[in-house]
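1. Please find the sequence and the predicted model below.
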Amino acid sequence: MAEVVIVSDQDAAGALVADAIVQLIRRTPDAVLGLATGSTPLATYRALAARIEADGVDVRGVRGFALDEYVGLPAGHPESYRSVITREVVEPLGLTPELVRVPNGDPAEVQHAGADYEAAITASGGVDLQILGIGRTGHIGFNEPGSSLASLTRVKTLTEPTRADNARFFDSPDDVPMHCITQGIGTILRAKHLVLLAFGEAKADAVAAAVEGPVSASQPGSAIQLHPHATVVIDEAAASKLQQTAYYRHAWANKPAWQGI
């Protein structure tokens, strides 16, 4: 079972996860972070940037791998995940740009981009802490319902609900790419620690399916149940469909502080 931590809001979640990441970096100065995009992890990145600055944490050796990238966006497009990761993570945190990788969405190279990315993750020694969001369809990364639980980094076709959710970042819904390249569920499960974040009532059904539902390719987020160290950090609204909230609160309240998340 994943550990479920119910917090008051996104800022509380961000502070909690930032603390865990700072502890990881202090133990392992060249730690490998798995980086999610979208609005969900922004509070965590803000809190982490503040901690790095306030505490003088040396992040020059920290490495990173983004979860996914759109296929076919022009180089430098503001909504490419390379641009987003640079703008929202690399620059605010002061990471070394050359040490942060994003899947290659160039159509001319995408046929082998998945295998290249898998090789790079393996060569790094693997992801130490993977930040995840979850979509309304239950997707993690861009692994839409039906994705193999053993899947590796590859090209996927986005569902219309996912394209609609992401349309707010583009001038027109028609501008949202149809394809992406994403770490697979099997790739994600190889990370040493998974931290899944979710906020708001719109995510409640997906969270309940991921944490308490059956493990199924129809609910990609449920794959976290197979991981030996998965932490789910959610607000009250996202927790509203869970059945075991009393136990989750009890377990968190009585957890030894030294264990962290």
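-> Nice, thanks for sending it over.
2. Which residue, other than its chain neighbours, is closest to residue 84?
-> residue 37 (5.0 Å; CB to CB, 6 or more residues apart in numbering). C-betas here are computed from N, CA, C, even on glycine.
3. Am I right that residue 11 sits in a helix?
-> Yes: secondary structure assignment places residue 11 in a helix (DSSP: H, G, I helix; E, B strand; the rest coil).
4. All the strands of the stretch 51-200 of the chain, in order from the start?
-> With DSSP state E, counting those that start in this stretch, the ranges of strands along the stretch 51-200 of the chain come out as 63-66, 68-70, 100-101, 129-132, 154-157, 179-182, 194-198.
5. The helix or strand encompassing residue 206 vs strand 194-198, what angle?
-> Per DSSP states H and E, residue 206 falls inside helix 204-212. Angle, helix 204-212 to strand 194-198, by axes from the mean of the first three to the mean of the last three CA atoms, to 10 degrees: 150 degrees.
6. Helix 204-212 - contacts with which helices or strands?
-> If you count contacts as 3 or more CB pairs under 8 Å, 6 or more residues apart in numbering; DSSP states H and E, helix 204-212 packs onto strand 194-198, strand 230-235.
7. would CSV of the ones you listed with distance to residue 103 be doable?
-> Shown next, in CSV, are these (distance: least, CB to CB, whole Å):
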stretch, distance to residue 103
strand 194-198, 19
strand 230-235, 23
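8. ranking these by burial, who's on top?
-> Of all the helices and strands packed on helix 204-212, strand 194-198 has the most neighbours on average by mean count of other CB atoms under 10 Å, namely a mean of 26.
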